[in-house]
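Student: Any chance you can model this:
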Amino acid sequence: MKAFIYLLILSPYSLSFLLHPTLNRHASPPLIATSINRSKRLTPLSMSSSPSITTLIPQVEGQGEKGLREIEGVDNSSDLEGIRVKLLGKNGELTKVMSYMKTLPPSDKKEFGRVVNTVKTRVEKAIEERREAVEMEELEEKMKSERIDVTTPGIIPQGVGRRHPLSITMERACDIFLSLGYDTVTECEESPEIESDYYCFEALNCPPDHPARDMQDSFYLTDPDGPDETYMLRTHTSAVQIHQMEKRKPPFRIVAPGRVYRKDDIDATHSLIFHQVEILAIEEKGELTLGDLKGTVEYFLRQMFGPDIKVRFRGSYFPFTEPSMEVDVWFRGKWLEVLGCGMVDPRVLEKAGIDPEKYSGFAAGFGAERFAMVTYGITDIREFYNSDLRFLDQFPHFSDQGMKAFLDGRAPERPKDDIAGDVEAVEGGEEEKEKKEKKKKKSPPPAAGDLDISKLEFKVGTINKVWEHPDSDKLWCEEIDCGEEEPRTICSGLRAHYDKEGLEGKKVVVFSNLKKRKLGGVPSDGMVLCSFTDDDSKVVLIEPPEGAANGERCTFDGYEGDPATGNQIDKKKMLQALMPDLKTN
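Tutor: Predicted coordinates:
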């Protein structure tokens, strides 16, 4: 077994965590930490802890009838779509009830499934019929409101039209980076919109079984000349960076704007098609640091939004950068998340044929639609693609028009508090602020001892049962007894390496004080410690010290840490601080 170990992915933003595999048993008595605060299991129906089919079926049918009544009363497409998501969406009421299938005896599962499918079919049919009727009513209403009086004398169009706000935004971003010495990459041969799986995922440190792929499932294509190759409409312009690293010899700097595609439900903030602008800078190792990245990003954002904006950086995770950050700006009275960035992962450099011992660099990227919506106050992303002249005529001809006020320093007032503090928008004047300050002063301090955990808390647990994740064919859901009042539910990528029978009853080490996150709609409360085999072909569970009981805490020599919450855990600091010996105390 190799000397480095990683934790399987249990959230869309986590990849791995390196630990030394040596395990020792400490002789001191077990230390059981107090229970970590976690929400109760969500249920779509009001039921007892042991539901039966006789109680489930009437409630499912009742939900269906209630939904049909709501559908009948809808008079516009927006409300109808809201009802569809509420009932049939990924976390919809009728979708969630299928999670009770595993609690029923085998004899009842077939009947319960039949009833649920019947109710869903009725609801889907009713929604479709109502949608056709509503769309026809809306069309008739629109035709009436847009009726043209053909007897009115014609008006000669003035001017030559307007440029699209997305073109303006991307042009301005590219101009800023051009002034910093970056080259643009826009040619079809260098920036293809149809990419192979290798350039879109594998070369960017996302292997085939990586759970983060589920968030970026794209539109796949079949090549009749090469059926074994997987092609798709690219999900990000990061693939351009791989092409350029293969073609160019460091040092170099590029900016790559382009169109990308993802499988998203269309709404006011999401679209199947959108645009990204990404940068990549590669120099000899030591020439580019995290400080250079922060300085570049801050300069770019102040050129885009004005000199007086406030910028903050937050630690994050991306498979292709390490360390990684997300960047927010204080703009028009609130914090807005605008882009992601980080130092290029050495694995990505190595796959592209660049020696990571000799060269390093940084990358950053953002969505053009997001920047345009923030800059011009647009509330619905669909407006960009409707080709409505009444919308397009509002925008200037050139990228610098409309930004002069910001560049002249007439930006919204910048808050005076420290970046690390919470920034509150001024609402309600001085009187409201005084009330908030008094309320803060009166709040009692937290009771000592309510949370007795270390920055790194690993507990011994036993996997009681395993079932399939309802929305991912790459994940298992595991119920793990960690010696607490209730067992934990953890989602993991162990499905690629273990079957259900191979996991149930296994003793494992659980990374227990992470913040609970939803993975594919299922809350996941921790991680399971695992390791690569010597040939990197398989992932195996790390077994706790022999005889360790559920709930015993594993620690690392020299790093027990101070009490903290899962939100305060910094992966980079943990990697630097871990000691080689793992033991229970």
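
Student: Excluding sequence neighbours, find me the nearest residue to residue 183.
Tutor: Take residue 183 and drop its neighbours on the chain: the residue closest to it by Cβ to Cβ, 6 or more residues apart in numbering is residue 254, 5.2 Å away. Placement of C-beta: from N, CA and C, glycine included.

Student: List the buried residues in the helix or strand harbouring the one you found.
Tutor: Applying DSSP states H and E as the criterion places residue 254 in strand 252-261. Neighbour-count burial for strand 252-261 flags 252-258, 260-261 (criterion: 16 or more other Cβ atoms under 10 Å).

Student: how many other residues sit next to residue 266?
Tutor: For residue 266, the count of nearby residues is 13 (other Cβ atoms under 10 Å).

Student: can I assume it is in contact with residue 273?
Tutor: No: counting by Cβ atoms under 8 Å, residue 266 stays clear of residue 273, with 9.6 Å between them.

Student: and residue 170, how far is that from residue 259?
Tutor: From residue 170 over to residue 259 the distance is 10 Å, taken as Cβ to Cβ, to the nearest Å.

Student: Now list whatever residues contact both of these two.
Tutor: residue 275 (Cβ atoms under 8 Å, 6 or more residues apart in numbering).

Student: now the strands for the stretch 101-250 of the chain?
Tutor: Per DSSP state E, counting those that start in this stretch, the stretch 101-250 of the chain carries strands over the ranges 183-184, 194-196, 220-221, 231-233.

Student: quick one on the thing from earlier: how about JSON lines for the buried residues of strand 252-261, with distance to residue 134 and pLDDT added?
Tutor: What follows is the buried residues of strand 252-261, written out as JSON lines (distance: Cβ to Cβ, whole Å; pLDDT from 0 to 100):
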{"residue": "252", "distance to residue 134": "54", "pLDDT": "92"}
{"residue": "253", "distance to residue 134": "52", "pLDDT": "94"}
{"residue": "254", "distance to residue 134": "48", "pLDDT": "93"}
{"residue": "255", "distance to residue 134": "44", "pLDDT": "94"}
{"residue": "256", "distance to residue 134": "42", "pLDDT": "93"}
{"residue": "257", "distance to residue 134": "38", "pLDDT": "93"}
{"residue": "258", "distance to residue 134": "37", "pLDDT": "91"}
{"residue": "260", "distance to residue 134": "32", "pLDDT": "90"}
{"residue": "261", "distance to residue 134": "29", "pLDDT": "89"}
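
Student: what's the closest of those to residue 99?
Tutor: Nearest to residue 99 among the buried residues of strand 252-261 is residue 261, at 31.0 Å by Cβ to Cβ.

Student: picking that back up, residues touching the strand holding residue 254, excluding its own?
Tutor: Residues outside strand 252-261 that contact it (Cβ under 8 Å, 6+ apart) are 170, 173-174, 177-178, 180-186, 191, 193, 218-219, 233-237, 240-241, 244, 248, 272-282, 368.

Student: change it to 6 Å
Tutor: 170, 174, 177, 181-185, 191, 218-219, 233-237, 240, 244, 273, 275-282 (Cβ atoms under 6 Å, 6 or more residues apart in numbering).

Student: Direction included, what does that strand pair up with?
Tutor: If you go by DSSP bridges, strand 252-261 pairs up with strand 183-184 (parallel), strand 273-284 (antiparallel).

Student: Pull the distance from the shortest one to the chain's centre.
Tutor: Translated: strand 183-184. Centroid separation between strand 183-184 and its chain, computed with Cα atoms, centre = their mean, to the nearest Å, is 29 Å.

Student: Averaged pLDDT, that strand. What do you get?
Tutor: The average of the pLDDT scores along strand 183-184 is 90.

Student: now do stretch 201-216
Tutor: 74.

Student: Need the distance between the two termini of stretch 493-506.
Tutor: The first residue of stretch 493-506 is 16 Å away from its last residue (Cα to Cα, to the nearest Å).

Student: where does the chain dip in pLDDT?
Tutor: Within the chain, the segments meeting pLDDT under 70 span 1-51, 154-161, 211-217, 224-228, 396-456, 535-537, 555-585.

Student: Need the outlier residue of it, farthest from its centre.
Tutor: residue 151 (55.0 Å; Cα atoms, centre = their mean).

Student: Can I get stretch 111-129 in CSV, CA atoms only?
Tutor: Taking Å, rounded to 0.1, in the frame of the first residue of the first chain, the C-alpha atoms of stretch 111-129 are listed here in CSV:
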residue,chain,number,x,y,z
GLU,A,111,-47.7,-2.5,-5.2
PHE,A,112,-46.2,0.7,-3.8
GLY,A,113,-44.2,1.3,-6.9
ARG,A,114,-47.3,0.8,-9.1
VAL,A,115,-49.3,3.3,-7.1
VAL,A,116,-46.5,6.0,-7.1
ASN,A,117,-46.0,5.6,-10.9
THR,A,118,-49.7,5.8,-11.5
VAL,A,119,-50.0,9.0,-9.5
LYS,A,120,-46.9,10.5,-11.2
THR,A,121,-48.3,9.6,-14.6
ARG,A,122,-51.6,11.4,-13.9
VAL,A,123,-49.8,14.5,-12.6
GLU,A,124,-47.5,14.6,-15.7
LYS,A,125,-50.4,14.3,-18.0
ALA,A,126,-52.4,17.0,-16.2
ILE,A,127,-49.4,19.3,-16.3
GLU,A,128,-48.9,18.8,-20.0
GLU,A,129,-52.5,19.3,-20.8
